[in-house]
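Undergrad: Okay, predicted coordinates and the sequence, questions at the end:
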Amino acid sequence: MTRKIQDIWDSKWVTNVGDQHKLLENRLVEYLKVPYLSLFNNGTIALITACRALRLTGEVITTPFTFPATPHVLTWNNVKPIFCDIDPVTLNIDAAKIESMITPNTTAILGVHVFGTPCDVLEIQRIADRYGLRVVYDAAHAFGVEIDGVGIGEYGDISMFSFHGTKLFHTAEGGALSCKDPNMKQRIDYLKNFGIKNEEEVVMPGINGKMNEIQAALGLLVLDIVESEMSKRKVLTEVYKSALDGVEGLRVNADASGAKKNHQYFTVRINEESFGCSRDEAHAHLREHNVFPRKYFYPLCSNYQCYKYLPSSSPANLPVAEAASKEILCLPLYGELTETDIKDICEILLDARKKHK
Ligand SMILES: Cc1ncc(COP(=O)(O)O)c(C=O)c1O
């Protein structure tokens with residue numbers, strides 16, 4: 001990194017599509033197997049820009065089982081999020097329930113590939129085509145995921161990747177949009193740079209979404225180690241699975257058939273009755289033992305004060321999501337963990353049952 005910073009220092013070019021930016025954009029097009037990609041300063045600004053690039057208005061159907069940024073980007077575009085229930089296995093928007101939520105005001109479907117498991121992309125596209133809707137994906141968790149050899153960012157009109165420091169591939173803060181159409185790529189690039197076309201023309205009301213050279217340089221370094229990090233996590237995932245598979249009341253995360261996984265997350269679903277303690281009790285017990293799992297995604301976005309009033313936020317409309325948000329626990333997963341660490345974490349998790357019997 002020191003050498004990279006020296007290069008940037010010497011070049012006197014610190015932002016506005018410098019060498020590092022160009023290099024990273026090209027390398028990611030190849031790595032993610034997408035036709036076009038535009039780098040951003042973070043994933044949220046990227047997704048806000050995607051909605052703007054597609055001129056979304058009215059209502060967009062999305063999932064409540066996600067990070068706050070997903071519905072918030074709609075609100076920032078003056079678009080109303082309409083929450084649709086999720087599939088109990090993939091935890092993604094339930095394609096079978098989308099059609100019943102479409103109204104004359106619907107302009108798009110915004111799916112999230114939760115924990116890197118792909119949405120039902122073919123069925124979602126079929127619905128969108130039938131009703132003339134756009135499809136946007138929040139692929140924040142899905143860096144490097146493929147379906148039968150096709151990059152996840154090839155599906156839908158635009159996909160957003162987050163390169164936040166907590167992600168498998170990161171640029172400290174950062175993100176990207178992928179798309180299939182060169183005109184759309186051009187529009188996105190104008191929008192992320194204030195709408196500036198050249199020194200004398202500003203062609204649309206853009207924003208500042210540009211990734212700087214330091215971020216891009218960091219990305220180039222992380223890209224060199226991302227495969228090895230994924231392999232380590234794959235091995236650790238197997239250790240988790242062999243320790244937890246078959247435990248009554250515990251279900252480990254879904255494996256989509258035909259999908260190349262990125263092993264970014266390892267989740268368990270805890271059924272209080274058959275496991276012997278609740279997700280929240282297991283979470284507290286792990287924390288007491290210095291293990292810090294996350295309750296992703298709790299609370300549901302539909303339960304936030306700013307969205308609770310929406311008719312689609314009613315728990316009766318979202319029974320599967322309501323149950324999942326109370327039962328899913330994301331366990332620690334990163335390449336530097338050892339097999340012994342994982343076995344210890346599993347032992348502590350299973351011990352939580354004794355305390356609450
Ligand atoms: C599903 C999801 N969407 C959006 C975001 C926002 O991305 P960023 O932090 O890069 O703005 C995140 C996480 O950070 C996320 O997990």
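TA: Happy to help now that I have it.

Undergrad: Need the three-state assignment for Ile98.
TA: Following DSSP: H, G, I helix; E, B strand; the rest coil, Ile98 is assigned to helix.

Undergrad: for it, what are its contacts?
TA: Counting by C-beta atoms under 8 Å, 6 or more residues apart in numbering, Ile98 touches 61, 84, 109, 124, 127. Placement of C-beta: from N, CA and C, glycine included.

Undergrad: Any of these buried? List them.
TA: Neighbour counting with 16 or more other C-beta atoms under 10 Å marks 61, 84, 109, 124, 127 as buried within the contacts of Ile98.

Undergrad: Nearest spatial neighbour of Ala69, chain-adjacent residues omitted?
TA: Thr44 (4.5 Å; C-beta to C-beta, 6 or more residues apart in numbering).

Undergrad: before we move on, what about Asn271?
TA: Of all residues beyond its chain neighbours, the one nearest Asn271 is Gly249 (4.4 Å), with distances taken as C-beta to C-beta, 6+ apart.

Undergrad: Equivalent analysis for Glu173, please.
TA: Looking at Glu173 with C-beta to C-beta, 6+ apart, the closest residue is Asn42, at 4.8 Å.

Undergrad: In contact with that neighbour: list those residues for me.
TA: Going by C-beta under 8 Å, 6+ apart, Asn42 touches 162-164, 173-175.

Undergrad: buried residues in stretch 299-317?
TA: Taking 16+ other C-beta under 10 Å as the basis for neighbour counts, the residues of stretch 299-317 that come out buried are 300-303, 307, 310, 312-313, 317.

Undergrad: Would you check the distance separating it from the middle of the chain?
TA: From the chain centre to the centre of stretch 299-317 is a distance of 20 Å (C-alpha atoms, centre = their mean, to the nearest Å).

Undergrad: Any chance you could give me it in PDB, C-alpha atoms only?
TA: Provided in PDB are the C-alpha atoms of stretch 299-317 (Å, rounded to 0.1, in the frame of the first residue of the first chain):
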ATOM      1  CA  PRO A 299     -35.400  -5.400  13.100                       C
ATOM      2  CA  LEU A 300     -37.000  -5.700   9.700                       C
ATOM      3  CA  CYS A 301     -37.000  -2.500   7.600                       C
ATOM      4  CA  SER A 302     -40.800  -2.600   7.700                       C
ATOM      5  CA  ASN A 303     -40.700  -2.200  11.500                       C
ATOM      6  CA  TYR A 304     -38.500   1.000  11.300                       C
ATOM      7  CA  GLN A 305     -40.400   4.100  12.500                       C
ATOM      8  CA  CYS A 306     -40.200   5.700   9.000                       C
ATOM      9  CA  TYR A 307     -41.800   2.700   7.300                       C
ATOM     10  CA  LYS A 308     -44.100   1.200   9.900                       C
ATOM     11  CA  TYR A 309     -47.100   3.300   8.700                       C
ATOM     12  CA  LEU A 310     -47.100   1.700   5.200                       C
ATOM     13  CA  PRO A 311     -49.900  -0.800   4.600                       C
ATOM     14  CA  SER A 312     -47.300  -3.300   3.200                       C
ATOM     15  CA  SER A 313     -45.400  -3.200   6.500                       C
ATOM     16  CA  SER A 314     -48.200  -4.900   8.400                       C
ATOM     17  CA  PRO A 315     -46.800  -8.100  10.000                       C
ATOM     18  CA  ALA A 316     -49.800 -10.000   8.500                       C
ATOM     19  CA  ASN A 317     -48.300  -9.200   5.100                       C
END
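
Undergrad: which intervals of this structure have sub-threshold pLDDT?
TA: Regions of the chain meeting the criterion pLDDT under 70 cover residues 356-357.

Undergrad: now the residue nearest the centre of it, what's its secondary structure?
TA: For the chain, the residue sitting closest to the mean C-alpha position, by C-alpha atoms, centre = their mean, is Ala140 at 2.5 Å. When classified by three-state DSSP, Ala140 comes out as coil.

Undergrad: one step back: the contacts of Ile98 into CSV, with extra columns for distance to the ligand and secondary structure?
TA: Conversion of the contacts of Ile98 to CSV gives the following (distance: C-beta to the nearest ligand atom, whole Å; DSSP: H, G, I helix; E, B strand; the rest coil):
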residue, distance to the ligand, secondary structure
Ile61, 16, strand
Cys84, 16, coil
Ile109, 15, strand
Ile124, 16, helix
Ile127, 21, helix
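
Undergrad: okay, those in TSV with distance to Leu191 next?
TA: Putting the contacts of Ile98 into TSV (distance: C-beta to C-beta, whole Å) gives the following:
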residue	distance to Leu191
Ile61	23
Cys84	27
Ile109	21
Ile124	24
Ile127	27
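
Undergrad: Show me which residues of the stretch 151-300 of the chain sit near the ligand.
TA: For the stretch 151-300 of the chain, the residues in contact with the ligand under the definition C-beta under 6 Å from any ligand atom are 162, 164, 175.
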